[in-house]
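Participant: Predicted model and sequence below, questions to follow.
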Amino acid sequence: MASNPHRGGAGGSSLYGGAAPYRSRDGLSTRSGAGSEEIQLRIDPMHSDLDDEITGLHGQVRQLKNIAQEIGSEAKFQRDFLDELQMTLIRAQAGVKNNIRKLNLSIIQSGNNHIMHVLLFALFCFFILYMWSKMFKR
């Protein structure tokens, strides 16, 4: 095992000073491809706990995927809810605007009737004062 060039033994790469390049932990080492920039990974069969770690990571990735899907569905639900709320507010605003317009028309119309009633009342009062003054003059 000590003569394995990928484990940093006596026949190791002089480019990396005898150490395996990109070595991450026991049982894993990299081999450079023939002049390419690819990295090959060799797993030592003595370290079979990597299968357990891979299975665990796979489970965690599945959980993260489920969480991301739930976040996406919640975001879609909230976006749809906000769109519906916005449409409701637009309809309410249009209704309020329409009611204000009707109220203004009603005020204008009743305002004209109100002025007419005040003028008729004033004429009636002047007519009564005129008649009253004619009665007491005699």
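Facilitator: Perfect, I can see it now.
Participant: how about the helices in this protein?
Facilitator: Under the criterion DSSP state H, the chain contains helices at 49-137.
Participant: remind me which residues of this structure are low pLDDT?
Facilitator: Along the chain, segments meeting pLDDT under 70 span 1-48, 111-112, 138.
Participant: got a list of contacts for stretch 89-109?
Facilitator: With contact meaning Cβ atoms under 8 Å, 6 or more residues apart in numbering, stretch 89-109 is reached by no other residue. C-beta: built from backbone N, CA, C; applies to glycine.
Participant: rerun at 10 Å
Facilitator: His114 (Cβ atoms under 10 Å, 6 or more residues apart in numbering).
Participant: How about it, which residues are buried there?
Facilitator: For stretch 89-109, a neighbour-count test (16 or more other Cβ atoms under 10 Å) marks nothing as buried.
Participant: Thank you, goodbye.
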